[in-house]
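Trainee: sequence first, then the predicted structure, then my questions.
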Amino acid sequence: MATLPILITLGDPAGIGAEVILKALASAEVQSLEQVSWQIVGSGDILEQTYDRLRSQSHAPLANPAQLAIIDYPLSAPVEPGHPTAQTGDVSFQYLNQAIDRVLAGQGRAIVTGPIAKSAWMLAGHPYPGQTEFVAEKAGCDRFGMLFVARSPHTGWVLRTLLATTHIPLAEVSPTLTPELLTQKLDLLITSLETTFGIRTPRLGIAGLNPHSGEAGKLGREEQEWMNHWLHSAQAQYPQAILEGLIPPDTLWVKPGQAWWQDPAQGYDGYLALYHDQGLIPVKLLAFDRAVNTTIGLPFLRTSPDHGTAFNIAGQGIAQPQSMIAALTLAVELGGQP
């Protein structure tokens with residue numbers, strides 16, 4: 001039986017998606033993966049133009065678009081690298097839409113998404129906060145999460161960070177956080193660690209919200225008013241897990257740093273961060289070129305490099321493919337399992 005392909009969406013064609021995909025597919029790490037086939041959902045013209053340009057700009061190994069399986073979306077107008085438009089926003093949306101349709105129909109076993117520009121989606125009339133929210137809606141999921149995964153090249157330790165809230169303004173974080181939301185995210189994290197990563201008795205670090213986790217209500221009252229009680233109840237609800245918290249946000253990331261650089265025994269199996277920057281500043285500081293955004297709670301696996309479209313360097317041939325390599329590799333390692 002033929003192996004179901006892992007689908008790769010091109011992302012915004014004005015960004016670095018095509019460049020990092022062609023570089024990643026030619027890398028030794030991806031070439032060494034066994035029993036996998038790739039199918040790119042994107043515009044063949046962009047891939048060919050990128051390939052021709054890169055051949056003149058660098059000596060990096062490149063996948064030849066002529067030898068790739070491509071679900072082609074021709075563009076109605078030329079695209080200038082670094083300059084997103086309503087057209088690039090719409091076509092990047094359609095790439096993703098097509099990939100989801102295919103994997104839900106059993107024509108693929110996972111999706112690896114190239115970076116898009118939310119502003120270009122808005123120009124095209126697609127008002128989603130990001131790809132994660134659209135994927136979840138399309139898949140009919142109201143329980144989902146953004147889990148960032150990165151393996152240290154120094155110690156082999158794996159950092160796994162789940163965000164309780166994602167693409168919302170900072171002023172909306174506290175009103176959005178509720179016991180129900182935190183329980184939902186914690187359940188997603190524990191379930192993912194068991195079913196996807198094989199960790200049945202996880203040790204988890206749970207962040208506080210305020211400086212010093214509120215310092216007994218002097219620096220914020222959320223911890224005193226309900227979060228400490230929630231954590232106590234959650235520990236009783238999930239006796240198979242060790243929940244440590246509410247750890248002050250400024251010290252939560254000390255042990256992950258030690259685990260990343262020196263001693264993996266210092267790290268936990270997973271971390272629950274309460275808002276976007278609380279979780280992603282340390283993730284990107286430690287693993288900017290290695291972190292993978294994994295959407296958990298879906299009926300299929302979706303991974304994505306943890307970087308954006310990088311319009312400022314698009315077309316220059318200097319984009320680094322390590323995060324895309326990690327996203328492709330993780331999709332294979334996890335076997336396309338949600």
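Mentor: It's in.
Trainee: from here on, contacts and neighbour counts on C-alpha atoms
Mentor: Will do.
Trainee: give the buried residues for stretch 322-337.
Mentor: Using 16 or more other C-alpha atoms under 10 Å as the test for burial, stretch 322-337 gives 322-332, 336-337.
Trainee: ignore what I typed, I meant stretch 239-247.
Mentor: By 16+ other C-alpha under 10 Å, the buried positions in stretch 239-247 come out as 241, 243, 245, 246, 247.
Trainee: which residues of this structure fall in strands?
Mentor: Applying DSSP state E to the chain gives strands spanning 6-9, 38-42, 70-72, 110-113, 145-151, 158-163, 203-207, 242-247, 270-273, 292-296, 301-305.
Trainee: turn those strands into TSV, including mean pLDDT and distance to residue 227.
Mentor: Formatted as TSV, the strands of the chain follow (pLDDT from 0 to 100; distance: least, C-alpha to C-alpha, whole Å):
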stretch	mean pLDDT	distance to residue 227
strand 6-9	97	39
strand 38-42	96	43
strand 70-72	96	48
strand 110-113	96	35
strand 145-151	93	20
strand 158-163	97	16
strand 203-207	97	10
strand 242-247	94	8
strand 270-273	98	13
strand 292-296	91	24
strand 301-305	94	31
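Trainee: re the thing from before, now, among the buried residues of stretch 239-247, which is nearest to residue 192?
Mentor: Residue 192 has its nearest neighbour among those in residue 241, at 12.7 Å by C-alpha to C-alpha.
Trainee: thought that closest one was touching residue 202?
Mentor: Yes: at 5.0 Å, residue 241 and residue 202 qualify as touching, with contact defined as C-alpha atoms under 8 Å.
Trainee: anything in contact with each of the two?
Mentor: Common neighbours of residue 241 and residue 202 are listed as residue 190 (criterion: C-alpha atoms under 8 Å, 6 or more residues apart in numbering).
Trainee: low-scoring stretches of the protein, by residue?
Mentor: 1-2, 336-338 (pLDDT under 70).
Trainee: the longest helix in it is where?
Mentor: As assigned by DSSP state H, the longest helix anywhere in the chain is helix 86-104.
Trainee: residue closest to the middle of the protein?
Mentor: The centroid of the chain falls nearest to residue 293 when counting by C-alpha atoms, centre = their mean (1.2 Å).
Trainee: beta partners of that residue?
Mentor: Under DSSP bridges, the beta-bridge partners of residue 293 are residue 148, residue 304.
Trainee: I figured it hits residue 159, correct?
Mentor: No: at 11.7 Å, residue 293 and residue 159 do not qualify as touching, with contact defined as C-alpha under 8 Å.
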